[in-house]
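Colleague: Quick one: sequence plus predicted model below, questions after.
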There are 2 protein chains.
Amino acid sequence: MENFTFYSPTFFVFGKDEEKKTGEYVKKFGGSRVLIHYGGGSAVKSGLLDRVKDSLNEAGLSCIELGGVKPNPRSGLVYEGIRICREEKVDFILAVGGGSVIDSAKAIAAGTLYDGDFWEFYQGKPVEKALPIGTVLTIAAAGSEGSPNSVITNEEGMFKRGASGDALRPKFSIMNPALTQTLPAYQTACGITDIMAHLFERYFTNTPEVETTDRMIEGLLLAMIHEGPRAVKEPENYEARANIMWAGMMAHNNICGVGREQDWGSHNIEHELSALYDCAHGAGLAVVFPAWMKYVYKHDVSRFAQLACRVWGCQMDFNNPENTALAGIEALKNFLKGIGMPGSLKELGVKEEDIPQLAHCACHGDARTGTLGNFVKLTEKDISEIFRLMAV
Amino acid sequence: MENFTFYSPTFFVFGKDEEKKTGEYVKKFGGSRVLIHYGGGSAVKSGLLDRVKDSLNEAGLSCIELGGVKPNPRSGLVYEGIRICREEKVDFILAVGGGSVIDSAKAIAAGTLYDGDFWEFYQGKPVEKALPIGTVLTIAAAGSEGSPNSVITNEEGMFKRGASGDALRPKFSIMNPALTQTLPAYQTACGITDIMAHLFERYFTNTPEVETTDRMIEGLLLAMIHEGPRAVKEPENYEARANIMWAGMMAHNNICGVGREQDWGSHNIEHELSALYDCAHGAGLAVVFPAWMKYVYKHDVSRFAQLACRVWGCQMDFNNPENTALAGIEALKNFLKGIGMPGSLKELGVKEEDIPQLAHCACHGDARTGTLGNFVKLTEKDISEIFRLMAV
């Protein structure tokens, strides 16, 4: 195991109706002039935004609103948010929404306290200071409610890049699974895929002897395999929603990723797809991950066989462990298909002729250094071949 | 799943040589006048205490020492620590040791800021304020390095009781697995048993539909089953020590216990044994837990069968699930025997004629309300019968 530090100071408030306490928690964590950041219509239509505002008013807090965050959130709105926060002397940002809204809030929080261009954080500069953030989560997927990460798309060039720093960890996150019961099946499945992908990125490692975190990751994957299809079939199943929501946080606050090299090649490959085609991140990952697995599994057949046996219930083929490794990848593909995720670039609407540009941008676009991933370091040529595997 | 809050703001610093940074972290978390709290000879003999003091000196911090914490830590030393902290205007307590040292430090931290008797916290009063604490962990067992809990034995009456409150969570914990490599096999096994017991206390619940935390608990148990015997057989195996140490923290910081009723009957029964006989807590748990399981398994055969299949690799007997449940309990007994733990009261040195007093004290001693546990509410009569099961 490698040396590490782990710090997850977010105060999690989980369960039915807890969003009514939002004002109380903003106050507890020092907010007085609040920017409420949110997305499109659903938080408004469902009445959630009003409930949250009522709660802030009851707590005697002044607030301004900035809505309009889109999936795959954009830099334009971040610049606007930074301007508002400075002009209005905002001292707390409250994100009401899913990962895109929270990521946009994090970018604004870091940018407001930084003299330079906030985009530098998304080119690799670590975030050391940010306005405090709180969240009211409405989608179980990105794990941004407990993570130190944010992903933004720069409209100049359509680069989708990530920033990181403990200063970006929310002070509190209110997680009411009932708020996710209205999510359509497709978006629910995208969230499940994203959560599982966060676990795979940590699972595929070259660090030996990481049994404890291996077992945690496998446990969370098993929970998703049980609860994911239930939530897709029965959107109003509170218990399935609750189990997925808590798993989604743990999949990405890094408690099961510490002390081990992580990969993140597939996420970065997917970011090229959702930057260019504006597809759902989870749907993109459903196409990228099995292809990536097929391309790299020979690098460590035993690790792939372990996943297949422990998580997918495959029988170990002791004469030919490769068969077991491949059976595990096939099981993942079938699972994703079963919850309604796409299985090829074609289903995503991606054109094959864009592959060279996608592969080039993944390796040589803004802030990239020529390779992606750690489990196997992928060159532009490798990534092209992985894209070709997705075409079929 | 039940509503819950979860807050674990401890900064964990994990890995080789990290204790050299102790001074830096005390400073980061606001300490200037430090009480170093420790146990007997091993921290002194190994040179650890000197390394820690060097690090505090380098950081320009003033410190006083209070050693002498014993396993099953006592109230007497706590009162002395409180007096010293007040007289010397201590603003930070650094615990260098295992769970007993950290628990004693927590009691001092809470007591110093409280006008009344610190023991009230151990009779049920929630801890809301405490001096900041940091830890340098030397034993993987109690999980106190990441928990909001402390257990102290009151020398007046020999009551062993617990206190709780987020104020007791350490600001930072330095976890160097190499520091545990010198621990004798018996103490190592006691630690493993304690960690597994913390997981069982959370696993046996009446809350339905808790798949995510079930799977996390099972994953950590599987890791302990793999790493525990390795650490007992090869004390210097850093990787086994590291996996156990990180699992020990997660087993008790409550990340896998949220949203579900927990039991804690077995822990409280054991506390009577270690209060009266001063046996190692882990050794006591090794005797108590299988007996408790045999006494209560009929309350939820399916949960016991699930544990047996998922964790102990038993085959499900679909015609008679009770057989599977019992096979799981037998597997635990064999595992504990295999790592050198006692299996009966006799091996612990407990006299059968003390059973009535132990059972009475467990239910009606200081701050007790007549029953123990939640999975099954145990009366004095139940506890007597559980003790009888331990005699054989």
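Modeller: That came through, no problem.

Colleague: now for stretch A:294-307, what's the gap between its first and last residues?
Modeller: Using Cα to Cα, to the nearest Å, one end of stretch A:294-307 lies 14 Å from the other.

Colleague: Could you see whether chain B lies near it?
Modeller: No: using Cβ under 8 Å from any Cβ of the partner chain, stretch A:294-307 stays clear of chain B, with a minimum separation of 12.1 Å. Glycine gets a C-beta too; all of them are placed from N, C-alpha and C.

Colleague: What residues of that stretch count as buried?
Modeller: A:294, A:295, A:296, A:297, A:300, A:301, A:303, A:304, A:305, A:306, A:307 (16 or more other Cβ atoms under 10 Å in any protein chain shown).

Colleague: With stretch A:58-65 instead?
Modeller: Going by 16+ other Cβ under 10 Å, stretch A:58-65 has these buried residues: A:59, A:61, A:63.

Colleague: quick one: which of those is nearest to residue B:155?
Modeller: Within the buried residues of stretch A:58-65, the smallest distance to residue B:155 is 46.4 Å, found for residue A:59 (Cβ to Cβ).

Colleague: is it fair to say residue A:189 lies in a strand?
Modeller: No: counting by DSSP: H, G, I helix; E, B strand; the rest coil, residue A:189 falls outside a strand, being helix.

Colleague: Nearest residue to it in space, please, no chain neighbours.
Modeller: Computed as Cβ to Cβ, 6 or more residues apart in numbering or on different chains, the closest residue to residue A:189 that is not its neighbour in sequence is residue A:339, at 4.2 Å.

Colleague: residues contacting that neighbour?
Modeller: A:189, A:192, A:193, A:228, A:229, A:232 (Cβ atoms under 8 Å, 6 or more residues apart in numbering or on different chains).

Colleague: check contacts around the first one.
Modeller: By Cβ under 8 Å, 6+ apart, the contact list for residue A:189 reads A:228, A:232, A:282, A:336, A:339, A:340, A:341.

Colleague: excluding its backbone neighbours, what's nearest residue A:86?
Modeller: Closest residue to residue A:86 apart from its sequence neighbours, by Cβ to Cβ, 6+ apart: residue A:112 at 6.0 Å.

Colleague: picking that back up, just put the buried residues of stretch A:58-65 in JSON lines and tack on pLDDT.
Modeller: Output for the buried residues of stretch A:58-65, formatted as JSON lines (pLDDT from 0 to 100):
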{"residue": "A:59", "pLDDT": "98"}
{"residue": "A:61", "pLDDT": "98"}
{"residue": "A:63", "pLDDT": "96"}
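
Colleague: and which of those is nearest to residue B:376?
Modeller: Minimum distance to residue B:376 across the buried residues of stretch A:58-65 is 42.2 Å, recorded for residue A:59 (Cβ to Cβ).

Colleague: State the distance from that closest one to residue A:134.
Modeller: 12 Å (Cβ to Cβ, to the nearest Å).

Colleague: Residue A:121 now?
Modeller: In terms of Cβ to Cβ, residue A:121 sits 20 Å off from residue A:134.

Colleague: what do you get for residue A:275?
Modeller: Plainly put, residue A:275 is 28 Å away from residue A:134 if you go by Cβ to Cβ.

Colleague: Of those two, which one has the most company?
Modeller: More neighbours surround residue A:134 than the other of residue A:275 and residue A:134, with 27 against 23 (other Cβ atoms under 10 Å in any protein chain shown).

Colleague: Partner strands of the lengthiest strand in chain A and their direction?
Modeller: In terms of residue count, the longest strand belonging to chain A (DSSP state E) is strand A:4-14. In the sheet containing strand A:4-14, its partner strands are strand A:172-175 (parallel), strand B:4-14 (antiparallel), by DSSP bridges.

Colleague: right, and these - which one's nearest residue A:269?
Modeller: When the strands paired with strand A:4-14 are compared (using Cβ to Cβ), the closest one is strand A:172-175, at 28.4 Å.

Colleague: Contacts for that closest one, please.
Modeller: With contact meaning Cβ under 8 Å, 6+ apart, strand A:172-175 is reached by A:10-15, A:18-19, A:21-22, A:25, A:28-29, A:134-137, A:145-146, A:245-246, A:249.

Colleague: List buried residues within those residues.
Modeller: A:10-15, A:18-19, A:21-22, A:25, A:134-137, A:145-146, A:245-246, A:249.

Colleague: re the thing from before, just the ones of the buried residues of stretch A:58-65 in strands?
Modeller: Those of the buried residues of stretch A:58-65 lying in strands (DSSP E): residue A:63.

Colleague: Turn the buried residues of stretch A:58-65 into JSON lines, columns for distance to residue A:357.
Modeller: Converted to JSON lines, the buried residues of stretch A:58-65 look like this (distance: Cβ to Cβ, whole Å):
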{"residue": "A:59", "distance to residue A:357": "50"}
{"residue": "A:61", "distance to residue A:357": "47"}
{"residue": "A:63", "distance to residue A:357": "43"}
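
Colleague: now, among the buried residues of stretch A:58-65, which is nearest to residue B:391?
Modeller: residue A:59 (58.2 Å).

Colleague: Tell me the spacing between that closest one and residue A:29.
Modeller: Here residue A:59 is placed at a distance of 12 Å from residue A:29 (Cβ to Cβ).

Colleague: C-alpha coordinates for stretch A:374-384, CSV please?
Modeller: Below are the C-alpha coordinates for stretch A:374-384, written out as CSV (Å, rounded to 0.1, in the frame of the first residue of the first chain):
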residue,chain,number,x,y,z
ASN,A,374,-2.0,4.6,-15.1
PHE,A,375,-3.0,1.0,-15.1
VAL,A,376,-1.8,1.0,-18.7
LYS,A,377,-0.4,4.2,-20.1
LEU,A,378,-2.4,4.8,-23.3
THR,A,379,-1.0,6.7,-26.3
GLU,A,380,-3.0,8.4,-29.0
LYS,A,381,-2.7,5.1,-31.0
ASP,A,382,-4.1,3.0,-28.1
ILE,A,383,-7.0,5.4,-27.7
SER,A,384,-7.8,5.2,-31.3
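
Colleague: what does the average pLDDT come to for that stretch?
Modeller: Averaging pLDDT along stretch A:374-384 gives 98.

Colleague: what comes into contact with whatever helix or strand comes next after the longest strand of chain A?
Modeller: Counting by DSSP states H and E, the element after strand A:4-14 in chain order, helix or strand, is helix A:22-28. Residues outside helix A:22-28 that contact it (Cβ under 8 Å, 6+ apart): A:11, A:13, A:34, A:52, A:55-61, A:92, A:94, A:134, A:136, A:171-172, A:174.
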